[in-house]
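**Student:** next comes the sequence, and after it the predicted model I'd like to discuss.
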Amino acid sequence: MLHCNKSIEKKMATKRALRILVVSDLRHGYPMRQRYDAICDIAETVYGIDYSKNQPSPFTLLLWKKVSYWLFRHHIGCFPVIDNTGTNKHIIEAAERSEWDILWLDRALVVDKNTLERVRNRQPNCIIVGFSHDDMIQRHNQSKQFLEHLKCYNAFYTTKSYNVKELERLGCKRCKFINNSFDPRTHRHHEGGKKTRYSVGFVGHWEKEREQLFRILVDNGIKVHVWGGGWHNCRLKHKKFICHAEDVIGDAYAQTLCSIDINLCLLRKANRDLQTTRSIEIPACGAFMLGERTPEHQELFREGEEADFFDSAEELIHKIRFYLNNPDRLKQVALAGHSRCLIDRYSNQDRINDILDDLL
């Protein structure tokens, strides 16, 4: 039986006497909005500044990818992100209007160094905190503003353990690693959320390495369903490879995970991932996770008991066949993984509370 997290309900009832100004992508259904909602659960006063409209159009993104490739080859520095929505102006206005205990910047690539220096001069006791679930050393995750304002943070928290020393070398005064987390409102079990069941599935963006792996699976008779962005780039055409058009987010994402018997957790090679957001979100939904074997995955979940892992395509094929032939064992592992998320406090609220305990 799947249970809700009672500790989350308790935290929502007892809020910290904190005033937090959050600068983030506040689109519903996305991880950064989910972290913002968790901060609202925890702190008495929270004000959000949404920079999401600064996100590039599909055409601009494609152009940027081509430019980025050229930049990588010629080792030219990052371009600035254009502040289309006046994010910097809104931060300064909020700092002049009210006193804040914390300025929380979630992957805030558009924020200028001068803006943070003005906040610090105006409110020297305000703690400036950075957070990101992306590999911030990779140029495609950076901006000119980010590299310039790194030294302004009191602390920066990353879900990429290898980023800690790398960001400190770039000028970040204090960088700390924190594991990924889940949103209890979204990442929960959806019984019968989708009438269709899928034996093996993956929710995530296209990558060449993922396509190559799926080619091996379908050539070995395993049907694979995928959801997410970028799959128009996929050249794999096979009757056992089914690509669903939609990029599922929010409740639709959780419902999809719950409709898949074996959820593949594939890590992004471009981000050097040792874990990713879905590493926690899949088990938090009470769904079974079969992911790439890494030390961080093995630390988060007991192998073969709370999730399972693989190193090679051959091992993946063997484990897929084993669990499809042993559905009771699959359900047992999924339930244990769900319990681990609750018992070991893997929620956004718990992680953010840990950060606040570390800061204050």
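**Tutor:** Yep, it's here.
**Student:** where does the stretch 151-300 of the chain have low pLDDT?
**Tutor:** Along the stretch 151-300 of the chain, segments meeting pLDDT under 70 span 192-194.
**Student:** now with 80?
**Tutor:** Scanning the stretch 151-300 of the chain with the threshold set as pLDDT under 80 gives 191-195, 245-246.
**Student:** just the strands in it please.
**Tutor:** For the stretch 151-300 of the chain, the strands defined by DSSP state E, counting those that start in this stretch cover 155-158, 175-177, 198-203, 224-227, 241-243, 260-265, 289-292.
**Student:** partners of the third one, with directions?
**Tutor:** Strand pairing for strand 198-203, determined by DSSP bridges: strand 224-227 (parallel), strand 260-265 (parallel).
**Student:** could I get those strands as TSV with distance to residue 18 and mean neighbour count?
**Tutor:** No exception for glycine: its C-beta is placed from N, CA and C like everyone else's. Below are those laid out as TSV (distance: least, C-beta to C-beta, whole Å; neighbours: other C-beta atoms under 10 Å):
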stretch	distance to residue 18	mean neighbour count
strand 224-227	37	22
strand 260-265	34	24
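**Student:** and of the ones you listed, who's closest to residue 287?
**Tutor:** Residue 287 sits nearest to strand 260-265 of all those, at 5.2 Å, using C-beta to C-beta.
**Student:** what does that closest one contact?
**Tutor:** 197-203, 224-225, 257, 276, 278-279, 282, 287-292, 297, 307, 316, 320, 323-324, 327, 330 (C-beta atoms under 8 Å, 6 or more residues apart in numbering).
**Student:** show me which of those are buried.
**Tutor:** With neighbours counted by 16 or more other C-beta atoms under 10 Å, these contain buried members at 198, 200-203, 224-225, 257, 276, 278-279, 282, 287-292, 297, 307, 316, 320, 323, 330.
**Student:** next, count neighbours for the nearest residue to residue 213 once chain neighbours are set aside.
**Tutor:** Taking C-beta to C-beta, 6 or more residues apart in numbering, and ignoring the residues beside it in sequence, residue 213 has residue 313 as its nearest neighbour in space, at 6.1 Å. The tally of other residues near residue 313 (other C-beta atoms under 10 Å) stands at 16.
**Student:** residue 313 contacts residue 218, doesn't it?
**Tutor:** No: contact status for residue 313 versus residue 218: not in contact, 11.5 Å apart, counting by C-beta atoms under 8 Å.
**Student:** quick check: end-to-end length of stretch 91-104?
**Tutor:** 11 Å (C-alpha to C-alpha, to the nearest Å).
**Student:** what about it, distance to the chain center?
**Tutor:** 26 Å (C-alpha atoms, centre = their mean, to the nearest Å).
**Student:** for that stretch, what does the pLDDT average out to?
**Tutor:** Averaged across stretch 91-104, the pLDDT comes to 97.
**Student:** contact partners of it?
**Tutor:** 18-24, 39, 47, 49, 111, 115-116, 118-119, 122-123, 125-129, 131, 356, 359.
**Student:** ok so, going back, mind putting the strands of the stretch 151-300 of the chain in JSON lines, distance to residue 164 included?
**Tutor:** JSON lines is the format used below for the strands of the stretch 151-300 of the chain (distance: least, C-beta to C-beta, whole Å):
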{"stretch": "strand 155-158", "distance to residue 164": "7"}
{"stretch": "strand 175-177", "distance to residue 164": "5"}
{"stretch": "strand 198-203", "distance to residue 164": "28"}
{"stretch": "strand 224-227", "distance to residue 164": "32"}
{"stretch": "strand 241-243", "distance to residue 164": "37"}
{"stretch": "strand 260-265", "distance to residue 164": "23"}
{"stretch": "strand 289-292", "distance to residue 164": "21"}
